[in-house]
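[1] Provided below for reference: sequence and predicted model.
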Amino acid sequence: MSTRILLTVLAVVLMTSAATAAPHSLVAGAGAISCGSWTADRQTLMNTNEVQWVLRLLSGAGAPEGMDSEAVAGWLDTYCRAHPLKNLSYAASAFVVEHPH
């Protein structure tokens, strides 16, 4: 397994464990909002800060540059409707797992 893949897997595991930890977890800012809040906010606005937060996280996980923000947001819409109690950090981790590079 290459170092890059190993680091990506480790980052996903750490993000996932932080996202499912107690309320005093390390996740802060946009990543801490619930998927339910994401879904409610998407009805009225584009969630620019949240989308940018996810794209930065995905870039750090080694996702390809030039990722289509609308496609990522659409994937998050679907995921968050199905998992309203998860937070955005957890959703972003799930995206990484489902879209290996």
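    Yep, that arrived.

[2] H99 against A63, yeah?
    Yes: counting by C-beta atoms under 8 Å, A63 is a contact partner of H99 at 7.2 Å. Bear in mind the C-beta positions are built from the backbone N, C-alpha and C, glycine included.

[3] hey, what's in contact with both of these two?
    Jointly contacting H99 and A63 under the rule C-beta atoms under 8 Å, 6 or more residues apart in numbering is no residue at all.

[4] how about the helices in this structure?
    Ranges of helices in the chain, per DSSP state H, are 3-19, 35-42, 48-60, 69-82, 88-98.

[5] who wins for proximity to G29 among the ones you listed?
    helix 48-60 (6.6 Å; C-beta to C-beta).

[6] contacts for that closest one, please.
    11, 15, 29-31, 33, 38, 41, 65, 67, 69, 72-73, 76, 88-89, 91-92, 95-96.

[7] for the protein, name the helix or strand with the lowest mean pLDDT.
    Within the chain, no helix or strand scores below helix 3-19, which has a mean of 50 by mean pLDDT, DSSP states H and E.

[8] what residues are up against G29?
    Contacts of G29 (C-beta under 8 Å, 6+ apart): W53.

[9] low-confidence regions, this protein specifically.
    1-28, 44-47, 64-66, 101 (pLDDT under 70).

[10] go again using 90 as the cut-off
    For the chain, the stretches flagged by pLDDT under 90 are 1-34, 37-73, 92-93, 96-101.

[11] what is the neighbour count of the closest residue to K86 other than its chain neighbours?
    The shortest distance from K86 to any non-neighbouring residue, by C-beta to C-beta, 6 or more residues apart in numbering, is to C35 (4.9 Å). C35 has 21 neighbours, counted by other C-beta atoms under 10 Å.

[12] looking at H99 and A63, which is more packed in?
    A63 (19 against 14).

[13] and that one, how close does it get to R56?
    A63 is 10 Å from R56, where distance means C-beta to C-beta, to the nearest Å.
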